[in-house]
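>>> Any chance you could fold what I've pasted below:
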Amino acid sequence: MPRLSQRLSQRLLDWFGVDDAWERPRPPVGRPDAVLALTVESVSLLALELVRSSGGFEHTDVPVWAQWLAVSSGAALLLGRRRWPLTVALLAAAHMFVAGVTMPEVMGQLSLQIVYFVALLSGVAWARDRRAMVVVVGTIVLFMFAWIGWQFALGSSIQEWLDDEDLSEQIGVFPPIPAAIAITLLINVIYFGGAIVGGGVSWRAARQRHRLQEQASTIAAQAGRLREQAVVDERLRIARELHDVVAHGVSAMGIQAGAARRVLDRDPDAARRALANVEDASRDAVTQMRLLLGTLREGVGDRADAPADDAARAPGATVADLPSLVAAVSGEGLSVSLDVVPDCEVVAERVPRGVGLAVYRTVQEALANVRRHSTADAVSVVVRVDAEGSYAEVEVVDNGRSRHGTSGSGLGQLGIRERAATHGGHVEIGPRVTGGYRVRVRYPLEGR
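This next block holds a predicted model:
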């Protein structure tokens, strides 16, 4: 039994947060407190006069001004119920005792009973020192029940109650005096217990809201760090792509320039063609560098939470690598079809290296999103270049819907949009009216 009582006491103390390090912030006395106090005072004075007019204070000899003072001072306590909760609780207990001794009929008014209830509840709900709260509230409750016991033992409250109710003989299941004592104790237990429990619930709810806010702040900070890491990863990938573009362009220019030098005297036409190739290669390299550096300055990432192997992230990936990508993703309940129009080799030749890489990355990201966030079991990938060579288009369509319990960072779609914007492309991403999800990006090829 001692161990059981100790466990119950510890649980009770834990419920009230006695050993909790969190301290509930206490706001200063403000307009809401003043409005509450004035409203309670107005209603209390009105109720006081209504009771007086109906003859409810015929046994009270206290002057009217004292009655008004008692009601007004009780309502004024509510001003500091959140700022100084324990002090207000003690003052409310003293107010109840003094008013109960000098003017019990006034103290028993519903308005003042509400004031005392709110003051005690606020003491439990807003106290920052939880151990001091237990001591103060426990002292108040013990004092109040001792006062009740004193009235029953030495006072005339029982006899007055019997006289008022005209209960000199037993007419119910219980004798009159035990019944009077029991109902009085029950009412006070409910009254004080309700205030204490209500204050504890309010304090625990405030602590829970604080913890949820902390968790939300932590999640936001982690999301910010993930975005920053995505930016860093994307910059590293762009740096590798930039190195590839520069290395390829410089190598091509070197080879063509060497060929032009060798045939300059023998075959001027061949030298001019070689130099024209040097010009085209340099223009293409400069264009690709400008686009990649523009993306690097924007500092965006296309993925923050998707793992990828080194082959899939190789900076030289193009449209010609799409069949291997589709083959790697297919399986385990997901069927992926690839249709390249007119065919992979032709498209790879017609599409510049930067656009080809963007097409590859778009397909890669779209398929990763299907795997992670969709219920789809079939995906169609279509890459086409029009006959005039004015644009290249990639479209990824699945037949699923969003899977419950999964949520991405949104950086994948952001990366698709930013990479398309780098090449002047147009993006359409979203669910289809007929079901499923579609990612479509069109890259212009004119002027390249």
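>>> going forward, measure contacts and count neighbours with C-alpha atoms only.
Noted.
>>> separation between residue 429 and residue 318?
Counting by Cα to Cα, to the nearest Å, the gap from residue 429 to residue 318 is 22 Å.
>>> who has more neighbours, those two?
More crowded of residue 429 and residue 318, by other Cα atoms under 10 Å: residue 318, with 22 against 16.
>>> was I right about that one contacting residue 348?
Yes - the criterion here is Cα atoms under 8 Å, and residue 318 meets it with residue 348 at 7.0 Å.
>>> what residues are shared contacts of those two?
Overlap of the contact sets of residue 318 and residue 348 (by Cα atoms under 8 Å, 6 or more residues apart in numbering) consists of residue 356.
>>> in the stretch 301-448 of the chain, which spans are strands?
Assigned by DSSP state E, counting those that start in this stretch, the strands in the stretch 301-448 of the chain fall at 335-341, 378-385, 391-398, 426-431, 437-444.
>>> do you know which of those lies nearest residue 131?
strand 426-431 (56.3 Å; Cα to Cα).
>>> Follow the chain on from the helix or strand that contains residue 8 and name the next helix or strand.
Element membership for residue 8 (DSSP states H and E) is helix 2-15. Sequence-wise, the next helix or strand downstream of helix 2-15 (DSSP H and E) is helix 31-53.
>>> Okay, buried residues for that next one please.
33, 37, 38, 40, 41, 44, 45, 48 (16 or more other Cα atoms under 10 Å).
>>> again, but for stretch 189-201
192, 195, 196, 197, 198, 199, 200, 201.
>>> returning to that earlier point: relative to residue 212, which of the buried residues of helix 31-53 is nearest.
residue 33 (26.4 Å).
>>> Test my guess that the closest one contacts residue 76.
No - taking contacts as Cα under 8 Å, residue 33 lies outside contact range of residue 76: 9.6 Å.
>>> check contacts around residue 25.
Residue 25 neighbours (Cα under 8 Å, 6+ apart): residue 128.
>>> next one: residue 402
Shown in contact with residue 402 (Cα under 8 Å, 6+ apart): 373, 374, 375.
>>> now that we have these, which one has the most neighbours?
Within these, most neighbours by other Cα under 10 Å means residue 374, with 20 neighbours.
>>> Check the gap between it and residue 204 for me.
Relative to residue 204, and taking Cα to Cα, residue 374 is found at 39 Å.
>>> same question, residue 379
50 Å.
>>> ok, these two, which is more surrounded?
Between residue 379 and residue 204, counted using other Cα under 10 Å, residue 379 has the larger neighbour count: 24 against 16.
>>> Just list whatever residues bridge to that one.
Counting by DSSP bridges, residue 379 forms beta bridges with residue 336, residue 398.
>>> Could you do the one 4 residues further on as well?
Beta bridges link residue 383 to residue 340, residue 394, judged by DSSP bridges.
>>> Now do the helices in the chain.
2-15, 31-53, 64-76, 85-102, 104-107, 110-126, 130-154, 157-165, 176-263, 268-298, 322-329, 344-350, 353-373, 411-422 (DSSP state H).
>>> Name the stretch among those that sits most buried.
With neighbours defined as mean count of other Cα atoms under 10 Å, those peak in mean count at helix 110-126, which reaches a mean of 24.
>>> nearest residue to residue 358 other than its sequence neighbours?
Computed as Cα to Cα, 6 or more residues apart in numbering, the closest residue to residue 358 that is not its neighbour in sequence is residue 419, at 6.5 Å.
>>> For the chain, list the residue farthest from the centre, please.
Relative to the mean C-alpha coordinate of the chain, counting by Cα atoms, centre = their mean, the farthest residue is residue 266 (75.1 Å).
>>> Now do the contacts for that one.
Residue 266 neighbours (Cα under 8 Å, 6+ apart): none.
>>> Flag the helix or strand of this protein with the lowest per-element mean pLDDT.
The weakest-scoring helix or strand in the chain, judged by mean pLDDT, DSSP states H and E, is helix 157-165 (a mean of 55).
>>> so how far is the first residue of stretch 338-358 from its last?
End-to-end distance of stretch 338-358 (Cα to Cα): 17 Å.
>>> what comes into contact with it?
Stretch 338-358 has contacts (Cα under 8 Å, 6+ apart) with 288, 315-320, 323, 326, 380-385, 389, 392, 419-420, 423, 443, 445, 448.
>>> Just the buried residues of these.
288, 315-320, 326, 380-385, 392, 419-420, 423, 443, 445.
>>> Correct me if wrong: residue 126 contacts residue 88.
No - between residue 126 and residue 88 there is no contact under Cα under 8 Å: 10.9 Å.
>>> Not counting its own residues, what contacts stretch 44-51?
57, 68, 71, 72, 106, 109, 111, 112.
>>> Out of those residues, which is nearest to residue 399?
residue 111 (65.2 Å).
>>> how far away is that closest one from residue 425?
Per Cα to Cα, residue 111 is found 71 Å from residue 425.
>>> try residue 264
41 Å.
>>> Between those two, which has more neighbouring residues?
Per other Cα under 10 Å, whichever of residue 264 and residue 425 has more neighbours is residue 425, with 19 against 15.
>>> Might you report the residue contacts of the residue lying closest to the more buried one once chain neighbours are set aside?
Leaving aside its sequence neighbours, residue 425 sits nearest to residue 443 (Cα to Cα, 6+ apart; 4.3 Å). For residue 443, the contacting residues are 355, 391, 392, 393, 420, 423, 424, 425, 426, by Cα under 8 Å, 6+ apart.
>>> Fine by me, thanks again.
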